[in-house]
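**Q** Need the 3D shape of this:
(one chain, ligands or ions: 1)
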Amino acid sequence: MFKRLTILFLVLGLLTACQSAVQVEDKPQIMVSLFPQYDIIRQIAQDKVDVELFLPVGSEPHNYEPSASTLMKIMEADLFIYSSDELEPWVNQLVEGNASDDLIVLDASNGITLLEADHGHEEEEEEEVELDPHYWLDPLNMIIMSESILNALIEIDPENEGFYRDNAKSYISSLNELDAKWLDLFEHARLNQIIYGGHFAFGYLSNRFGLDILSPYSGYAPDAEPSAQALAGLMDVLAEKEINVIFYEELIDPRVARIIAEQAKVKIEVLHGAHNLNSEEMQAGWTYISIMEDNIAKLKEALRYE
Ligand SMILES: [Zn+2]
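**A** As a prediction, this is how the structure comes out:
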């Protein structure tokens with residue numbers, strides 16, 4: 001009896017050993033803070049990695065701070081990708097503090113020139129220069145990011161280098177096609193102005209394509225309330241121009257856009273900044289590219305594409 005038990009324990013012990021061996025060989029663990037970077041990893045690495053977007057589904061990132069348990073998971077991961085020091089100032093402390101030597105940290109804005117903030121309001125002279133964190137809205141910056149993320153994937157998982165390179169190549173060509181669609185939109189648009197009842201997220205599109213965005217908000221973070229004066233100014237613009245839609249931002253109740261639209265008797269539509277998805281969008285498998293194609297279709301109508 002004793003012998004049999006010993007054998008049984010040995011077998012069980014072996015099974016456990018096998019299981020933990022499998023776990024050791026498990027896929028690379030990646031933690032990522034923002035949807036566009038998460039989507040790039042999904043496109044390039046597919047099922048070869050375990051990737052977690054830790055910004056909760058449906059949350060906007062501007063005021064987000066990770067919980068202690070999320071910080072633990074970041075520190076135990078193989079690769080941590082964040083958007084920029086502008087959007088995630090908490091990262092510096094993390095990196096200087098407790099992260100293990102094995103953790104690779106990638107600032108996804110590496111190699112990208114961030115634009116200076118242009119809120120449309122007068123800057124006070126001694127104010128520090130603020131940078132616009134929404135660089136992913138220019139597809140050319142998505143391409144730069146895809147290349148940095150490809151290199152990081154190869155570093156943590158060199159065995160699958162060929163697979164990653166092939167997928168990155170085809171994803172980058174889809175981003176180039178998307179960029180051509182943006183160019184085509186603005187080449188054939190009769191108008192170049194939209195009213196946007198959200199925080200200032202589309203500066204990179206304005207900068208590249210000359211899109212003029214009128215917003216009652218004056219900052220980046222979607223927590224400030226627009227002034228009555230700013231709202232009245234927009235109503236004047238609406239009365240003068242042939243604008244027939246007010247855009248609002250994803251993830252936030254479009255209360256301000258609705259107020260303007262009701263008064264001006266125009267419709268409201270979301271213009272999606274791709275910060276994050278809500279749960280329906282996540283379940284429906286939305287991607288950065290599908291979001292932008294939807295934005296382009298709405299802007300074609302709003303800007304009288306001909
Ligand atoms: Zn934003």
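
**Q** Show me the longest helix that occurs in the protein.
**A** For the chain, the helix with the greatest residue count under DSSP state H is helix 161-188.

**Q** Just after that one, pick out the following helix or strand.
**A** strand 193-196 (DSSP states H and E).

**Q** helices or strands next to that next one in the packing?
**A** strand 212-214, helix 228-240, strand 245-248 (3 or more CB pairs under 8 Å, 6 or more residues apart in numbering; DSSP states H and E). Quick note: C-beta positions are derived from backbone N, CA and C, even for glycine.

**Q** Just say which of these is most tucked in.
**A** The highest average neighbour count among those, using mean count of other CB atoms under 10 Å, belongs to strand 245-248 at a mean of 23.

**Q** Quickly list the domain ranges of the chain.
**A** 26-120+130-176, 179-302 (automatic domain parsing).

**Q** How about the secondary structure of residue 268?
**A** Of the three states, residue 268 takes strand under DSSP: H, G, I helix; E, B strand; the rest coil.

**Q** Report the beta-bridge partners for it.
**A** residue 246 (DSSP bridges).

**Q** Let me know whether it touches residue 247 as I believe.
**A** Yes - under the criterion of CB atoms under 8 Å, residue 268 makes contact with residue 247 at 7.3 Å.

**Q** joint contacts of the two?
**A** Shared contacts of residue 268 and residue 247, defined by CB atoms under 8 Å, 6 or more residues apart in numbering, comprise 197, 257.

**Q** Would you agree residue 30 is in contact with residue 41?
**A** Yes - with contact defined as CB under 8 Å, residue 30 reaches residue 41; the gap is 6.1 Å.

**Q** Compare the two and say which is more crowded by neighbours.
**A** More neighbours surround residue 30 than the other of residue 30 and residue 41, with 26 against 22 (other CB atoms under 10 Å).

**Q** quick one: strands adjacent to whichever strand or helix holds that one?
**A** Applying DSSP H and E as the criterion places residue 30 in strand 29-32. The pairing partners recorded for strand 29-32 under DSSP bridges are strand 50-53 (parallel), strand 79-82 (parallel).

**Q** May I see the domains of the chain arranged in JSON lines, with mean pLDDT as well?
**A** Output for the domains of the chain, formatted as JSON lines (pLDDT from 0 to 100):
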{"stretch": "domain 26-120+130-176", "mean pLDDT": "93"}
{"stretch": "domain 179-302", "mean pLDDT": "89"}
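
**Q** Please identify the most buried of the strands paired with strand 29-32.
**A** Comparing the strands paired with strand 29-32 by mean count of other CB under 10 Å gives strand 79-82 as most buried, with a mean of 24.

**Q** Return the alpha-carbon coordinates of that strand using PDB.
**A** C-alpha atoms of strand 79-82 as PDB (Å, rounded to 0.1, in the frame of the first residue of the first chain):
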ATOM      1  CA  LEU A  79       6.800  43.800 -22.100                       C
ATOM      2  CA  PHE A  80       5.000  47.000 -21.000                       C
ATOM      3  CA  ILE A  81       3.900  49.400 -23.600                       C
ATOM      4  CA  TYR A  82       2.500  52.900 -22.700                       C
END
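
**Q** where does that strand sit relative to the chain's centre, distance-wise?
**A** Distance of strand 79-82 from its chain centroid, counting by CA atoms, centre = their mean, to the nearest Å, is 13 Å.

**Q** Pull the residues that contact it.
**A** By CB under 8 Å, 6+ apart, strand 79-82 touches 28-34, 37, 41, 74, 88, 91, 99, 103-108, 149, 152-153, 156.

**Q** For residue 150, the count of nearby residues, please.
**A** 22.

**Q** isn't it right next to residue 162, touching?
**A** No - using CB under 8 Å as the test, residue 150 is too far from residue 162 to be in contact (11.7 Å).

**Q** Need the three-state assignment for residue 87.
**A** Under the three-state scheme (three-state DSSP), residue 87 adopts coil.

**Q** Identify the residue nearest it in space, chain neighbours excluded?
**A** In space, and not counting its chain neighbours, residue 87 is closest to residue 133: 4.1 Å by CB to CB, 6 or more residues apart in numbering.

**Q** For the closest residue to residue 54 other than its chain neighbours, grab phi and psi.
**A** Using CB to CB, 6+ apart and skipping the chain neighbours, the partner closest in space to residue 54 is residue 70 (4.9 Å). Dihedral angles phi and psi of residue 70 (degrees, to the nearest 10) take the values phi -70, psi -40.

**Q** Quick check: the gap between residue 70 and residue 64.
**A** 10 Å (CB to CB, to the nearest Å).
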